Structures are given as C-alpha cells and as structure tokens.
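*Asks:* test case, fold it:
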Amino acid sequence: MVQQSNAEAVKINRTERFAVLDLSSSRVVHIAEEKCKPENHKTRLTKSSGKLVDDLKSGRIGGSFNLESNPHFIEERKEVYEQAMKKQISRQQTKPKVEITITLPDGSTKVGTSWLTTPMDIAQSISKQMAKKVIVAEVIYSRKIEDDEVDVVGADGLDIDEVNEGDRNEAELWDMMRPLIGDCRMRLLKWEDKEAKAVFWHSSAHYMGFAMECKYGCHLTHGPPIEQGFFYDCYMGDNVVSDKDFLNLNQTVMQECKKNQNFERLMLTKDEALDMFKYNPFKVQYIQTKIPDGSCTTVYKNGDFIDLCRGPHVPQSTMIQAFAATKTSATNWLAKTENDTLQRVYGVSFPEKSQLKKWIDFQEQAKLRDHRRLGMQQELFFFHPLSPGSAFFLPHGTRVYNKLLDFIRKEYRNRGYEEVTSPNIFNMELWNISGHALHYKENMFRFDVEGQEYGMKPMNCPGHCLMYAHRLRSYRELPLRLADFGVLHRNEISGALSGLTRVRRFCQDDAHIFCREDQITEEVKGALEFMKAVYDIFGMTYKLELSTKPEKALGDDSLWETAEKALAEALDGFAGSGNWRVNPGDGAFYGPKIDIKVFDAMERSHQCATIQLDFQLPIRFNLSYRGEAKAEEDGGNQAVVNSVNRPVMVHRAMLGSLERMMAVLTEHYGGRWPFWLSPRQAMVVPVGQAFIEYAYHVQKLFHENGFYVDIDDSAKTMNKKIREAEKAHYNYVLVVGAAEKETNEVNCREAGNKEVQAKNMKIEETIEMMKRLVAEYK
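*Replies:* Now for the predicted structure:
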C-alpha cells in the first residue's frame, strides 16, 4: 500500500497531461503593518497547460449574467487601485537609495541606485535605439537592498524556464520600468528570446481581456501566454463569443495599444484584492481560497484594465503593433465539467505588422495540412459523437496504422525487446499500489464489478511491473525489455478533445526496461539511438533536454544524482557534450527524464518520444532480482550468497501514441505519404474496357507481394483517371493497355513527379523496385 508521505508528494506533483487550466503556482508572503516581507521560492515559466488547482471548491458559482458593454465595475475597480497605489508610493519613498552595480553579459558594469534605477535606464544608457526593442530584463541578484518582492498568489505570470546554466535557476524576469533593488547580473531580452515572446503575449492577453470586458462585461478568469500566442477565459452565462466579434475586439485592442500605456505593478493585501474584484465570483473564490489571511498579491494595470498578475509585462503598449483574435472554444472553470462553462478566446500578436501577415500565411498552410481535414479527404479516419475521443480508422487509415506498428515491431526484434500483451481492465487496487490513483483516478474510466471498483488502464507500466514480479528474476535476465501495444483509455474532458492529438482511446508503442543501475547509461543510449533511427526515417529533426529533479520529488538526493549523471553520460555518448541542454526542475516526481522535441516540415515542435527513469514503481511493487553469487566469510566459514537487489525501470516510447503520431505524420507529409507508409501505393489504370481483366491480373500480383494497389475501372478517360489518382496522392500510376498486356508489363509513372518520364517495366521488375523502396523506408 502507498504510504501517506508518498501519497502527499504524488498529489502535489499532479501530471500536466490532463490539465486544461493553468493557474500559476501559489507563492505567499505575510504582511506586517502593510509591508510585505520577502520569502524566496522558485517558480517556472508559465506553461500553456499547467497544474490544476484541486483544492478550490467545485460547483457553479457564476450565477445569472447579462451582457453589458463598458460595465460599471471598471471604474469601481480603478478607485480601489488608486487608493492602494498611494500607499505603495509612500512605502517605496522610504526605501534605501544606495549605490548598486549592474553587470552585463559582456562583463561590463553600470552603476545605479537601488529603488530608483530601472532596466530601461540601463538599456537607454547603452543605446536608445536598442532600448526601444527590449521587452523584458532577466536579472540574477547577488545582493538585495530591502527586498520588497511579493510571492504572488493567484496570479498569471512568468518566471525563468528554458535555461542552460545552473545559476540561471536564480534568474527572475523583471519589468523594464520596475526599479532594481540590488547588485545583479542582467540580460536584456528582445522578441527573438523565448522568454520575451512569452512576456509580449502575456501583455497582449491583458489587452484582449480589456477588450472582452468592454464588449461583454464578462467575468475574466485566466489569461496566460501559450506556445503560439495567448488566450483569455471568461464567464458570460449562456452567451458565446462569435468569430464575428473578432473585428471589434481587434480594433479595441489596437486603439488602446496606440495610447502608449505603461504597465503598473501594485501590491495588494488580501482584503484589498477582495474589494477590487468583488464583482467577479471566480476571482473572489480564488483569492479567498489561495491567499492566506495576512498575505498579499500583486495586480497589473494597463489603461483602465486591472488584473491579478505577477508579471512582468512589456514597457510600452506601442510595442504591440499587430494583434488578431484567432479562434474560440469552450472550457470549464478549473477544467471540471461540474463547474461553470467558460468562453475561451485565443489570440496572437507581434511587434511588426509583417510578422502577423507571415503568421496568417503560415496558418493557411497549416489548415491545408490539418490532419482532420486530410483524414476525411483521404478517408483515413473519422470521429462520431456516439464515441467521442475515439477514432474510427477506415481501411486506408488502418493501413498506415498497421505499417507503423510493423515498423516498430521490426525494430523491437532487432533491438532485443520482447513484446507482451497485458489486460485492459484492472482492479483499482493496482493503481493504489502504483500511486496513480492519487492523481489519475478522475481521468480513468471506472466501474463496479461484483462490488469492487475496476478501471480501464490509462498506462501500461503497473501491468508490466506485475509481469516482472510474477516470478523470481536473476541478474542474468537484465536488462529485460517489455514492449506493449495495449489499448489505453483516459477520460479526457470533452472540451479538451482534438482530432487525433487528444483522444480518449489510443495505443502507445510503450516499453519498459528493467535493468541494473550500472546498465542505465547503455540502455538509455540504446533508446536514444532507437529514437534517432525512427525520426531519421521520418525526415524529422529533434532537440534533446535533460529534465532534472523537481522541487517535490520522491527518493533521496544521492539516487537522483546517480540517475541524472547516468542520463547525462548517455546524452554525451549519443549526441556529444554541448548538443543537449538541461531543463532544471522539470523531471517527473519519480525520476529524471529526457524530453525529445521533434520538428516537422513546418518547423513546429512536437513532444512524441520520451525516455524516463523511475525508481518508485520498483519500490512500490517490491521488485527485485537475485544478484551474482559471491563468497562471504561467516564465522570462519565461507558461504555463497546471492544478494537481492532493486532494479531500475526505464519508461520509453518512440512514437508516443500511434494516434498522435498519425496526426503529426499526416501534417508533416501534407498527405503525400512516402511509398513505404502510403495507404495508396499504386493505381492501375486500364486504357479501355478491353484491358480491365488484365488490370485485375496486375493488381492481384502486386497484392500477393504485399502492396496496396487499386484499380480505376470506370468509364472515365485515361487522362482523367491519371489526374484523379495523382490528386488522391497515389505514389504510382500503372497504365495498362494492349502493348503492356502483350509483354506482361505496366507503364509506370511516379504520380506528381513530372520530371520523371513514364516508362514500361516488367511486372516483376516493378515489384522488385517497390520492395526496395519499402526496405529502404522511402
């Protein structure tokens, strides 16, 4: 059974896979006589899908709602803000003004004054032109002069992520107009920097929130930056946001941005925050629940818009030169279906208008490659409301699906994996033992069987632990590599379902390696080589990241250090030193992991493959193996002793889920499948009715050799048949007529390639050519 201490840690480290809402991690600081004392906590860059706030109450709290443009609460909120700002100005006037040193990346230094000098002052002292392009500063303090930093509770905001150097863990993103508070190292970040983009889009989200409030009088809940833009959620009763509203929202945003507004940062007590947001039941619930009495938070103000936020933001609104609301969707407060329905509006923005045009062109190309569109067009798969989140793979889609399975199975045989088949349904006691019940239970399909609770498996690892444990294991059996293509089910909320990329029923090329500690490096390196072989064939590039021990983790430090060192050695051995990066604190709670980001033909990144170390499941399932026999002295006598040892478990997947990989590859290839993977490898086109019988003879020969070949025996003209075959993305068109029948040949032409002339080939010769293409994965 799971011990309480482990249970608490697992609950804290709720997986992000199922999260829709991202409310920033809670950070608090207590107030004494209206002054906030510092408390040092580390946080990470806000992500598009973060941890759910589980301890907020469920239920509908939005109440009745009437649309109202320019609602009264905007002015009332501003009155509270102005009173609190007067107090803050008075506090800051008493702060010590002493000389501080700011060190720049090139080693040069600038002298400033604490609580007066801002990053913008430093930037302008370097170059006024350069300063106009700087979005945010990254600072690392070596000395703080009476730190007034507040650890913000209940606010969207940004901190450092995506870092390489270990000391960057101490880095903070700092508003350009916010006074520096001590000696520090400082980097000035522009649009090209990932952190600066996130800040830019976060600021843009605030402007979209303002436009939504002005138009609808809605209750805003949450507005973070995401990988490509931002969104804002709002409550507006039964009303919905329409695409027709986008023009008005865009115009409102751009009108505000042209006013050259600054973002102002204000510290609030809990009571002040409740007073400021008393009109919004969602903000009130969050403030009451997540901000302890006697603590404080911060808000940011731009123009007449004010929201809970820990920042930072752009220095001037005129930096936002191009803005577009892009789409809408529905979600639920805290991502719980029993809660109020929220409207989500997505947007994107840029510092230059030309960038928006380029983005729009990119989106048009993405629409043409959208796997949902191509899946219907090529009759690969579809979805039905009677089984939401579960794909119906049609014959041509199943051809691709099975080709991927066969591809991985062949690699398994060559790389020493053993394929197993495990049950789909387990007693919930399995998930209690593994610890998954503590944070996966609500996302599992569960049901009663003879008075006991059972569930559909959402992952294979606990079942594989039972397979390992069913008999005594020897060190000679290790590494033991168990692979499983079992069907998995996860009860994703309906609003999160999206084509093949977010489903309820799926299959993974899942494998678990049970090995000794001294085998970790070689096994991980082998998995990386496996990954490279797969993605080289797909024509996709990748980046590698080592995610290390998170703040809340299971296991002692020495175990983590050993594991991280083993992964680092494997990465060095595979990619070479300097060709991978560290992602500090982003490992799983049960062990460090290697994140593999692959890039498709449109240079979009996808998280498909993964390699993770796990020390906890072997402990929870009490897994062991008998070590090598050693002679030991016992009272003057020698005895042969077999030690009992704990194996290490490596979770790894190359494709990830096959459904998701189908989506990625459909868009990567744009529907033009390589021959080895193609569901339509050739179309036989008889030039007339007299040659249909020969066409079927040709098809039969190719089918017998394992190829997917169809016949167009319609009365259409030959040229029209060829055009339609090319439009349907057949790889080859095999034309047959009198000459071909006479010589047992086909006229072979590569569809869509006008540079290669069609030529007559013997059927056997054509089959051998196609076999070579399959063997070479072309």
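*Asks:* in space, what's closest to Leu701 - neighbours in sequence excluded?
*Replies:* Spatial nearest neighbour of Leu701, chain neighbours left out: Ile763 (5.8 Å); criterion: CB to CB, 6 or more residues apart in numbering. Glycine gets a C-beta too; all of them are placed from N, C-alpha and C.
*Asks:* that neighbour against Glu745, yeah?
*Replies:* Yes. Applying CB atoms under 8 Å as the test, Ile763 and Glu745 come out as touching, 6.6 Å apart.
*Asks:* for the closest residue to Ala570 other than its chain neighbours, give its distance to Tyr475.
*Replies:* In space, and not counting its chain neighbours, Ala570 is closest to Val524: 3.8 Å by CB to CB, 6+ apart. Look at Val524 and Tyr475: by CB to CB, to the nearest Å, they are 19 Å apart.
*Asks:* neighbour count for those two, which is higher?
*Replies:* Counted by other CB atoms under 10 Å, Val524 and Tyr475 do not tie: Val524 has more neighbours, with 27 against 16.
*Asks:* which residues of this structure score low on pLDDT?
*Replies:* Across the chain, the stretches falling below the confidence threshold (pLDDT under 70) are 1-58, 148-169, 631-642.
*Asks:* give me the residue at the spatial middle of it.
*Replies:* Against the mean C-alpha coordinate of the chain, by CA atoms, centre = their mean, the closest residue is Gln607 at 6.5 Å.
*Asks:* give me the element that residue is part of.
*Replies:* Under the criterion of DSSP states H and E, Gln607 resides in strand 605-614.
*Asks:* what of Val299?
*Replies:* Using DSSP H and E, Val299 falls in strand 296-302.
*Asks:* what does the helix or strand encompassing Tyr694 contact?
*Replies:* In the assignment (DSSP H and E), Tyr694 maps to helix 692-704. For helix 692-704, the external contacting residues (CB atoms under 8 Å, 6 or more residues apart in numbering) are 682, 684-686, 709-711, 713, 734, 736, 740-741, 746, 763, 767, 770.
*Asks:* same question for stretch 89-102.
*Replies:* With CB under 8 Å, 6+ apart as the criterion, stretch 89-102 contacts 34-35, 109-117, 122, 143, 145-146, 148, 179-180, 182-186.
*Asks:* so how do I select the buried members of the residues you listed in PyMOL?
*Replies:* Per 16 or more other CB atoms under 10 Å, the buried members of the contacts of stretch 89-102 correspond to this PyMOL selection:
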select buried, resi 110+112+114+115+117+122+145+148+179+180+182+183+184+185+186
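*Asks:* and the closest residue to Leu180 other than its chain neighbours, which of the three is it?
*Replies:* Leaving out its chain neighbours, the residue that sits closest to Leu180 by CB to CB, 6+ apart is Thr117, at 5.4 Å. Assigned with DSSP: H, G, I helix; E, B strand; the rest coil, Thr117 falls in the coil class.
*Asks:* cool, and His651?
*Replies:* His651 - assigned by three-state DSSP - is strand.
*Asks:* was I right about it contacting Pro618?
*Replies:* No. With contact defined as CB under 8 Å, His651 does not reach Pro618; the gap is 11.9 Å.
*Asks:* comparing the two, which residue is more hemmed in?
*Replies:* Between His651 and Pro618, counted using other CB under 10 Å, His651 has the larger neighbour count: 23 against 20.
*Asks:* go through this structure and flag its longest helix.
*Replies:* Longest among the helix segments of the chain by residue count, using DSSP state H, is helix 194-216.
*Asks:* centre of the chain versus the helix or strand following that one, how much separation?
*Replies:* Note on helix 194-216: by DSSP H and E, the next helix or strand toward the C-terminus is strand 219-222. On the basis of CA atoms, centre = their mean, to the nearest Å, strand 219-222 sits 23 Å off its chain's mean C-alpha point.
*Asks:* in the stretch 51-200 of the chain, what residue spans correspond to helices?
*Replies:* Here the stretch 51-200 of the chain has its helices, by DSSP state H, counting those that start in this stretch, at 73-93, 119-126, 128-131, 194-216.
*Asks:* since that was my last question, I'll sign off now.
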